[in-house]
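Q: Model the structure of this input:
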Amino acid sequence: MAKDAEGSVLTRRLLELTWKPGKIVLQTELLIVAYFVLLIAYWIAPSSPGAGWFASVIVFLGRVIAYFIVLLGMTAVAKMTLADLRGKDPLPARAAFSAALGKIKDVVASPIKIFALLAGLAVFHVVIDLVGKIPFVGELAWMFSPVFTFPLGIAMVAVILVLVFGAMILPTIIILGKEGPVSELIDFLRRNTVKFAGHFLIALAVAVITLIVLVWAISLSNAVSGRIMGDKLLFIQNRVPLWLQRTPGQALTYIVTGLRWGPMYRMVEDPKAFRWTLYVAGFVYGVIMWLIHMSFWGFVAVNFSVAGTLSYVGLTGESGEEEKAEPAPPAPPAAEKEEKKPAPAEEPKKAAPKKEPAPKKEEKPAEGEKKPKK
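A: From the prediction side, this is the model:
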């Protein structure tokens, strides 16, 4: 399996093990759950200017929960990838998800420590900035803040990178049942920094190229539909609910097509805005397009999960207890052969009639006893 971590081999294996419908569907389902968690967090967060910090806390908690949900899906994908690497039959998505649920404690406890560190650094930064709000004295003290805030910024970036890399490596570490997943993650990154960076760049390149091609396909399809349907297509697209237009793929769509950031669909005056068929068509069309965009990001998550599994297994040689147990079965037959060899040697010894002359000797003294009687 170490060969799976080599450049061209890694790319080939990455494509082979990523384009699995079961993995993509499972990861997309959990991404949809995480998407609604974020929508609820943004909806709950107050929008008043005075409650900015409170809104930031709510949004941060929503992102943490969403991260846990995505990580749970990537853990299930790692379970399926390990089964593929062992050459076994494909593991069903339901069984992999059940195995990931069995590790839910580690899935939550491992990254929560990293999030706690990130929150602590952010609080320290906030305290420094609050000092700067004090009139006169605070301003004079805050002018030296870059001496502290710049290192804090570097530390926060490092923690965020650990979270990103952790999403790739932690699922495999958790599924393999390693003690102290975060410590194992940090040790792995420290020992294999350069090689893992190369693996990460390969996975990133595969994800970006694939996303560009898929989004290009959607844009080309919309261009053909727009040429044929004209304003009717825009009338339908205007009826798509806004919450269906906030997929992560929206930003990439504008990068590929050259449009600027804004609503996903261009607003056009509709002379028949209240026709119910346009609303139904817009809603159904929006849901389908939303699911397609979410599946794109399901592919991205699966891509990085598979890359993390290939990298960890290839660089450490760890592939689970099941592989270590494989050489154990041939031991019993060897032991049986050894037991069978002495068996025939003992049988002739037991079968040898050495005790037969003993009764003959007993009969002779019986005759000698008769002679004195005579």
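
Q: how near is Leu234 to Trp297?
A: 26 Å (Cβ to Cβ, to the nearest Å). For glycine as for every other residue, the C-beta is placed from the backbone atoms N, C-alpha and C.

Q: pLDDT (mean, whole number) over whichever strand or helix holds Lys232?
A: According to DSSP states H and E, Lys232 maps onto helix 231-237. Taken as a whole, helix 231-237 has a mean pLDDT of 83.

Q: Same check on stretch 288-301?
A: For stretch 288-301, the per-residue pLDDT values average out at 91.

Q: same question, stretch 63-81
A: Per-residue pLDDT over stretch 63-81 has a mean of 93.

Q: Ok, stretch 307-314 next?
A: Mean predicted confidence for stretch 307-314 is 91.

Q: what ranges do the helices span in the stretch 51-200 of the chain?
A: In the stretch 51-200 of the chain, the helices defined using DSSP state H, counting those that start in this stretch lie at 52-85, 93-102, 104-132, 137-142, 146-175, 181-191, 193-229.

Q: Please identify the most buried of these.
A: Mean neighbour count (mean count of other Cβ atoms under 10 Å) peaks for helix 52-85 among the helices of the stretch 51-200 of the chain, with a mean of 21.

Q: hmm, back to that, going by how many neighbours each has, rank Leu234 and Trp297 and give me the top one.
A: More neighbours surround Trp297 than the other of Leu234 and Trp297, with 22 against 16 (other Cβ atoms under 10 Å).

Q: how distant is the helix or strand where that one lies from the center of its chain?
A: When elements are assigned from DSSP H and E, Trp297 belongs to helix 276-316. How far helix 276-316 lies from its chain's middle: 14 Å, per Cα atoms, centre = their mean, to the nearest Å.

Q: Next: stretch 40-49.
A: 29 Å.

Q: swap in stretch 142-151?
A: 37 Å.

Q: Now do the end-to-end distance for it.
A: Start to finish, the residues bounding stretch 142-151 are 15 Å apart (Cα to Cα, to the nearest Å).

Q: Give me the contact list for that stretch.
A: 125, 128-129, 131-132 (Cβ atoms under 8 Å, 6 or more residues apart in numbering).

Q: Swap in 10 Å and give it another go.
A: If you take Cβ atoms under 10 Å, 6 or more residues apart in numbering as the criterion, stretch 142-151 is touched by 121, 124-125, 128-134, 152-153.

Q: For Val159, give its distance to Arg86.
A: Going from Val159 to Arg86 by Cβ to Cβ gives 34 Å.

Q: just Gly317 next, same as before
A: For Gly317, the distance to Arg86 - Cβ to Cβ - is 13 Å.

Q: which one of these two has more residues nearby?
A: Arg86 (16 against 11).

Q: What are the phi and psi values at that one?
A: phi -80, psi 0 (degrees, to the nearest 10).

Q: Lys103 too?
A: Per degrees, to the nearest 10, the backbone of Lys103 is at phi -110, psi 20.

Q: Then Lys178?
A: Dihedral angles for Lys178 - degrees, to the nearest 10 - are phi -70, psi 140.

Q: who touches it in this structure?
A: By Cβ under 10 Å, 6+ apart, the residues touching Lys178 are 106, 170, 172, 184-185, 188, 312, 318.

Q: tell me which of the residues you listed is nearest to Tyr42?
A: The nearest member of those to Tyr42, counting by Cβ to Cβ, is Leu170 at 26.3 Å.

Q: close enough to count as contact, the closest one and Gly308?
A: Yes - Leu170 is within contact range of Gly308, at 8.0 Å (criterion: Cβ atoms under 10 Å).

Q: Spit out the residues that contact those two alike.
A: 74, 78.

Q: Distance of Gln237 relative to Ile169?
A: Noted for Gln237: a distance of 41 Å to Ile169, by Cβ to Cβ.

Q: Quick check: which ranges of the stretch 201-350 of the chain have low pLDDT?
A: Residues of the stretch 201-350 of the chain that meet the criterion pLDDT under 70 lie in 246-274, 319-350.

Q: go again using 80 as the cut-off
A: Where the stretch 201-350 of the chain drops to pLDDT under 80, the residues are 245-275, 318-350.

Q: Pull out the buried residues from the helix holding Lys232.
A: In terms of neighbour count (16 or more other Cβ atoms under 10 Å), helix 231-237 has its buried residues at 233-237.

Q: what's the closest of those to Thr193?
A: Minimum distance to Thr193 across the buried residues of helix 231-237 is 46.5 Å, recorded for Gln237 (Cβ to Cβ).
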